[in-house]
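> A structural model of the following input is requested.
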Amino acid sequence: KMKEKDILLGFVQNETSISWVHQRIIGWRKNSTDDVCTWGGIKCNSSNKVYSIDLKNSDYIGTIPSKVGSLDHLAYLYLSKNSIYGAIPETITQQDRLVHFDVSENRIRGEVPIFKSPIIKIVNLSRNQLTGRIPNDIGDTGGKGGG
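Numbers count the residues shown, from 1 in each chain. Model prediction:
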């Protein structure tokens, strides 16, 4: 199983995001010995598992790494007001603990996705380049009860 640090380092994917790391954020380096829970924009629960990533308005340029969907406890993902391009990874839309997902004001393309989380409350996809209709079941519980 991939370590949370390696998953989060998926955001540091090119020269642009490397300079983003050096300018903006504490942690976010391969050689960092700091606990990921101390990194800028990261919050952990009492079990020291990442449950929130907040990189809104941080001049981030890149894609959303699909590995982020394998953070088992991720409930809050705030990536608005950046220069994120590409599609929303299916690994994230399939994540069943997601409560808030905000990628507004980016350059995301692709179809408007359906989120499988039965507890999703906020999905903000505004001001992107998504196509298709907003599904009635954007937060489809698939007939499952919460839990």
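> and the residue nearest the centre of this protein?
residue 77 (4.4 Å; Cα atoms, centre = their mean).
> kindly state the beta-bridge partners for it.
Following DSSP bridges, residue 77 is listed with bridge partners residue 53, residue 101.
> residue contacts, it?
By Cβ atoms under 8 Å, 6 or more residues apart in numbering, the contact set of residue 77 is 52-53, 68, 92, 98, 100-103. Glycine gets a C-beta too; all of them are placed from N, C-alpha and C.
> for residue 104, same thing?
With Cβ under 8 Å, 6+ apart, residue 104 has these contacts: 80-81, 124-128.
> tell me where this protein has strands.
For the chain, the strands defined by DSSP state E cover 42-44, 50-54, 61-62, 76-78, 83-86, 100-102, 107-111, 122-124, 129-131.
> and the ones you listed, which one's lowest on average pLDDT?
Note on the strands of the chain: strand 61-62 shows the lowest mean pLDDT, a mean of 90.
> sketch out the low-pLDDT regions of the protein for me.
For the chain, residues meeting the criterion pLDDT under 70 lie at 1, 23-26, 137-147.
> give the buried residues for stretch 80-98.
The neighbour-count check on stretch 80-98 (16 or more other Cβ atoms under 10 Å) flags 80-82, 84, 88-89, 92-93, 95, 98 as buried.
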